[in-house]
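J.: attaching a predicted model along with its sequence, questions to come.
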Amino acid sequence: MSDVLFVHNNFPAQFGFIAQKLHADGHRVAAISSETGRAFDGLTLVKWGARRGTTEGILPVAVRAEADLIRGGAAAQAALRLKADGWDPALIVGHPGWGETIYMREIFPAARQIAYAEYYYRSRGGDVGFDPEFSPPRERDPHELYAKNAGMAMALAEADAIVAPTPFQASVLPEMFRQRTHIIHEGVDTAVVKRHPSPRLTMGGGKVIDGSRPLITLINRRFEPLRGFHIFTRALPRLLAEVPDADVIIIGADEEGGYGKPADKGTTWGQKLFAEVADRVDRSRIHFVGRVQHALMIEVLSLSSAHVYYTYPFVMSWSLLEAMATECLVLGSDTPPVRDAITPGVDGILNDFFDVDALADAMIEACRNPRKFDGMRKAARETVIRRYDRATICQPAWSALVEPMLERR
């Protein structure tokens with residue numbers, strides 16, 4: 001049996017099921033994370049904490065690289081503590097996105113490494129420059145954007161293998177890295193994520209949602225343009241006017257942060273974008289429920305007449321596949337991450353990202369003629385089972401990659 005080390009800012013995140021499988025197989029498993037990391041029984045977790053921030057007034061293109069190097073140094077100190085306690089990993093599985101894996105080769109030179117390539121930044125073909133309204137092409141110096149990859153490139157260069165979860169996320173990597181890249185998604189536990197047999201929700205004010213009326217759903221970790229929140233809100237007035245018995249449930253947080261450009265100081269994208277339509281919608285039919293427990297999210301999706309998932313060319317959200325596994329009719333944006341999962345007209349409907357009327361039309365049709373899309377709903381779950389089921393597809397693929405690397409060099 002071997003020592004295996006996981007390195008992830010927010011462990012377990014994408015690595016939880018792999019780490020648990022290796023532990024169950026008898027390997028000794030440890031993880032290095034920031035303060036947000038969580039352990040499971042039998043795993044040794046060491047948390048790092050950087051003692052200083054980036055240098056004030058530093059060259060702008062170097063800010064991210066310095067931050068990654070600082071985090072990498074802090075993670076290296078955690079790795080040295082493990083080494084002092086007798087850990088000698090045959091394999092390191094790491095997420096290099098925050099810099100923590102940069103120095104792992106220096107500390108454990110004999111360990112093989114698998115790097116998880118979540119997103120490699122580009123000034124063209126990705127999220128930046130996609131949406132002229134919120135992300136114009138020259139908004140940021142493209143050199144500064146590309147320089148965000150410095151720490152990641154160092155880590156990927158040391159990796160024996162690279163894993164990207166989707167074809168689009170693999171496609172943005174430089175060719176020299178793509179040659180070592182395996183496309184393996186972390187997958188969906190379809191035994192758990194499935195349509196609830198008798199969902200029923202009681203909203204604030206006592207309104208009951210039980211499937212007797214149309215329901216449109218949206219899930220964003222944070223409401224922001226990168227995830228199409230502006231397109232969705234702008235489509236709501238027509239939906240609510242033309243389908244007078246429809247409700248809308250929005251899961252997520254209206255707070256600062258997110259993946260894309262921040263909102264103006266003192267406000268959030270949710271506040272700003274919803275204010276555009278607030279005087280043209282029946283607010284009592286739009287339910288912002290915040291972040292919810294996973295089981296409740298499945299109930300919401302099980303009641304959905306149509307689930308909206310829009311995104312810039314960026315990382316694909318777990319919620320898309322979970323909505324498909326719950327037999328939702330997904331109304332998605334015709335952008336590369338969504339095309340990786342959905343075949344239009346077969347297991348979902350895709351529309352031009354910027355066409356607000358097309359989204360409104362699709363939501364209205366889904367509410368008025370729900371039975372018309374029963375085949376797509378079934379096909380959506382079948383797609384997830386065939387391509388993304390964790391137990392039968394993703395776990396075996398990860399195991400096939402990991403197990404040969406457990407033998408010491």
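T.: That came through fine.

J.: where does pLDDT dip in the chain?
T.: For the chain, the stretches flagged by pLDDT under 70 are 136-140, 408-409.

J.: okay, now the domains of it?
T.: The record's domain split for the chain, according to automatic domain parsing, is 3-187+390-406, 201-388.

J.: save those domains as JSON lines, and put in mean neighbour count too.
T.: For every residue, glycine as well, the C-beta is placed using N, CA and C. What follows is these, written out as JSON lines (neighbours: other Cβ atoms under 10 Å):
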{"stretch": "domain 3-187+390-406", "mean neighbour count": "18"}
{"stretch": "domain 201-388", "mean neighbour count": "19"}
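
J.: beyond the lengthiest helix in the chain, next helix or strand please.
T.: Of all segments of type helix in the chain, defined using DSSP state H, the longest is helix 63-84. The element immediately downstream of helix 63-84 (helix or strand, assigned by DSSP states H and E) is strand 91-94.

J.: roughly how far is that following strand from the heart of the chain?
T.: From the chain centre to the centre of strand 91-94 is a distance of 20 Å (Cα atoms, centre = their mean, to the nearest Å).

J.: next one: stretch 343-350
T.: With Cα atoms, centre = their mean, you get 21 Å for stretch 343-350.

J.: out of the domains of the chain, flag the one nearest Val193.
T.: domain 201-388 (4.4 Å; Cβ to Cβ).

J.: what about the closest one, how long is it end to end?
T.: Its start and end residues considered, domain 201-388 measures 29 Å (Cα to Cα, to the nearest Å).

J.: what's the longest helix of the chain packed up against?
T.: strand 3-7, strand 28-33, strand 44-47, helix 104-107, helix 150-158 (3 or more Cβ pairs under 8 Å, 6 or more residues apart in numbering; DSSP states H and E).

J.: tell me which of the domains of the chain lies nearest to Lys194.
T.: Counting by Cβ to Cβ, Lys194 lies closest to domain 201-388 out of those; the figure is 6.4 Å.

J.: how about the helices in the stretch 301-409 of the chain?
T.: For the stretch 301-409 of the chain, the helices defined by DSSP state H, counting those that start in this stretch cover 318-325, 336-341, 356-368, 374-388, 395-402.

J.: now those helices as JSON lines including distance to Gly126?
T.: Below are the helices of the stretch 301-409 of the chain laid out as JSON lines (distance: least, Cβ to Cβ, whole Å):
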{"stretch": "helix 318-325", "distance to Gly126": "18"}
{"stretch": "helix 336-341", "distance to Gly126": "9"}
{"stretch": "helix 356-368", "distance to Gly126": "22"}
{"stretch": "helix 374-388", "distance to Gly126": "23"}
{"stretch": "helix 395-402", "distance to Gly126": "25"}
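
J.: having no further points to raise, I will conclude here.
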